[in-house]
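Enquirer: heads up, no residue letters with this:
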């Protein structure tokens with residue numbers, strides 16, 4: 001995580017290119033434990049407002065988590081974490097990711113849906129949040 005003093009609080013990067021492929025054995029078990037790790041890390045790290053940056057560049061389709069998994073992540077967060085979330089920025093969204101987000105909007109709260117944004121490039125992301133290039137994984 002990175003921190004910024006201009007109202008963003010923590011800036012958390014989540015790189016899909018480092019996620020396991022859905023074809024691995026016991027994929028559900030791995031993703032369930034990853035969910036617990038992410039929520040636990042958020043609970044320990046986030047004291048105030050935060051932005052979640054999802055880097056989907058360099059990720060194979062099998063590495064993009066399912067809608068159900070993403071929904072469980074959101075539901076596993078307590079109310080404080082959901083309210084503190086300022087934005088979810090998806091960088092390098094593929095057609096599949098854009099479609100998944102668009103199709104899921106009716107099932108999400110309007111408050112959360114309004115927080116989801118897309119950035120086509122790292123340059124566009126840098127206009128939304130301050131970002132040090134050292135925090136972006138090399139494949140992205």
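Expert: Alright, I've got the coordinates. Source: prediction; values computed, not measured.

Enquirer: ok, residue 54 - contacts?
Expert: 14, 16, 88, 89, 90, 91 (CB atoms under 8 Å, 6 or more residues apart in numbering). All C-beta spots, glycine's among them, are computed from the backbone N, C-alpha and C.

Enquirer: so which of these are in strands?
Expert: Cross-referencing the contacts of residue 54 against strands under DSSP state E gives 14, 88, 89, 90, 91.

Enquirer: what distance do you get for the fourth one to residue 113?
Expert: To tie it back to what came earlier, the one meant is residue 90. 13 Å (CB to CB, to the nearest Å).

Enquirer: need the overlap of contacts for those two.
Expert: When CB under 8 Å, 6+ apart defines a contact, no residue borders residue 90 and residue 113 alike.

Enquirer: which SS class is residue 12?
Expert: Three-state call for residue 12 (DSSP: H, G, I helix; E, B strand; the rest coil): strand.

Enquirer: quickly find the element holding residue 54.
Expert: Taking DSSP states H and E as the criterion, residue 54 maps to strand 50-55.

Enquirer: chain center to that strand, what's the gap?
Expert: A distance of 5 Å separates the C-alpha centroid of strand 50-55 from that of its chain, computed with CA atoms, centre = their mean, to the nearest Å.

Enquirer: likewise stretch 108-122?
Expert: Distance, centroid of stretch 108-122 to centroid of chain: 10 Å (CA atoms, centre = their mean).

Enquirer: cool, and stretch 63-83?
Expert: 9 Å.

Enquirer: much appreciated, bye for now.
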